[in-house]
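Novice: What shape does this take:
(one chain, ligands or ions: 1)
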Amino acid sequence: MAAFTELVFSGVQPTGNLHLGNYLGAVKRFVEMQAREAQCLYCVVDMHAITLWQDPEALRGQIREVTAAFLAAGIDPKRSIVFNQSQVHQHAELAWIFNCVARLGWLNRMTQFKDKAGKDRENASIGLYDYPVLMAADILAYRATHVPVGEDQKQHLELTRDIAQKFNTDFAGSIAAHGHGDAFFPITEPLIGGPAARVMSLRDGTKKMSKSDPSDNARINLTDDADAIAQKIRRAKTDPEPLPSEVAGLKERPEADNLVGIYAALAGITREDVLRDFGGAQFSTFKPALADLAVTSLAPIAGEMRRLTADPGHIDAVLADGSARAEAIAAPTLDAVKDIVGFVRRGPSLQAVR
Ligand code: TRP
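Specialist: The predicted structure follows:
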């Protein structure tokens, strides 16, 4: 198997408010990944956003807001590449080629499409159906080896691996003839996990924390100020028992499990560690400690986001710079893919160059 240099890619949709679930499940982990040697690319996936209709002015604002959240949380736009998808045309181009690799049967199995399309499937956009193929193109345009994502994206990552595998097999002869050895695309590893891979609603520990929950008390938004954060945690649903001293005791206690998981993720420790300190404690003791921790971790991010979004020109400049650097990586991949599938293109083919 060919060796691929480690490269990290992930994306976040600019639809609606970012909340604690997006932060702990994605953005905070993006920040941590920067400690690796690898190049990291963090993409605001605006082309995915329009698979469901978006108000144009609101979309523009949300693209900038997600970018601000990335920067405020500690993603360094010099070290990492921060950009928005629609500025790098190679994503759309590669998605088309992958449309001709992916099979209808594979897409028919995608559970997120079924959830999002709901009952009125005839009326869903083709883009919504094709969403996972564009996601594969996002990842493979950079031949990314590692993708930090939430638990809910696992099936999409499997599809990405299937597309890479089928492309490598279908074009094996051409891939070898163009000097790429036995595989052109890596089989990407999803990085799913941490204590808060799934952050649940503060009002119902069996439901995911969601931007579309009608109750704002169910989630902590990244833009919430200190008072709002503390109040939402104080009001979070719990059960009457004290915290257990073992993780096994959190079973069947979804609200307690969620709050312990949030504490662990914010503090960068395990659930075991949390229960070592708080086992036997009442929620009247644990909640104020969690509120303090959440306020110290999140309120500065909200403040920095407010500062950054006040200067959209600066955000747009970060995205323009990131997009140019992203394109510098994606363009040679697309040239090679075009040669591999047998297209004729302007300029010397990569084979002739070599
Ligand atoms: N589908 C992802 C989500 O909703 C967002 C996304 C789009 C993504 N393209 C990606 C994530 C590529 C990782 C890699 O969370």
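Novice: which SS class is the residue in the chain that the ligand sits nearest to?
Specialist: Residue nearest to the ligand within the chain: residue 11 (3.2 Å; C-beta to the nearest ligand atom). The C-beta positions use only the backbone N, C-alpha and C, and glycine is treated the same way. Under DSSP: H, G, I helix; E, B strand; the rest coil, the three-state class of residue 11 is strand.
Novice: is it in a bridge, and if so with what?
Specialist: residue 43 (DSSP bridges).
Novice: wait, isn't it in contact with residue 88?
Specialist: No. Between residue 11 and residue 88 there is no contact, the gap being 11.8 Å when judged by C-beta atoms under 8 Å.
Novice: in the stretch 1-150 of the chain, which spans are helices?
Specialist: Remark: helices assigned in the stretch 1-150 of the chain by DSSP state H, counting those that start in this stretch are 20-22, 28-33, 46-49, 56-73, 90-99, 104-108, 111-117, 126-140.
Novice: can you give me the mean pLDDT across the fourth one?
Specialist: Meaning helix 56-73. The average pLDDT for helix 56-73 rounds to 98.
Novice: these two touch, right, residue 125 and residue 51?
Specialist: Yes. The pair residue 125 / residue 51 is scored as a contact, 5.7 Å apart, by C-beta under 8 Å.
Novice: With neighbour numbers in mind, choose between those two.
Specialist: residue 51 (21 against 13; other C-beta atoms under 10 Å).
Novice: which residues touch the more buried one?
Specialist: 125, 127, 128, 131 (C-beta atoms under 8 Å, 6 or more residues apart in numbering).
Novice: among those residues, who's most crowded?
Specialist: The most crowded member of the contacts of residue 51 is residue 131, carrying 22 neighbours; neighbours defined as other C-beta under 10 Å.
Novice: what's it in contact with, if anything?
Specialist: Contacts of residue 131 by C-beta under 8 Å, 6+ apart are 48, 51, 110, 112, 113, 156.
Novice: between the helices of the stretch 1-150 of the chain, which one is nearest to residue 230?
Specialist: Among those, the nearest to residue 230 by C-beta to C-beta is helix 20-22 (13.4 Å).
Novice: in that closest one, what counts as buried?
Specialist: 20, 21, 22 (16 or more other C-beta atoms under 10 Å).
Novice: which residues of the stretch 151-300 of the chain fall in helices?
Specialist: 154-170, 172-177, 226-234, 254-267, 271-278, 283-309.
Novice: which of these is buried the deepest?
Specialist: Ranked by mean neighbour count under mean count of other C-beta atoms under 10 Å, these are led by helix 254-267, which reaches a mean of 22.
Novice: what's the angle from that helix to helix 283-309?
Specialist: Calculated by axes from the mean of the first three to the mean of the last three C-alpha atoms, to 10 degrees, helix 254-267 forms an angle of 50 degrees with helix 283-309.
Novice: now helix 254-267, how far from the chain's geometric center?
Specialist: Taking C-alpha atoms, centre = their mean, to the nearest Å, one finds the center of helix 254-267 at 20 Å from the center of the full chain.
Novice: ok, residue 86 - contacts?
Specialist: By C-beta under 8 Å, 6+ apart, the contact set of residue 86 is 46, 47.
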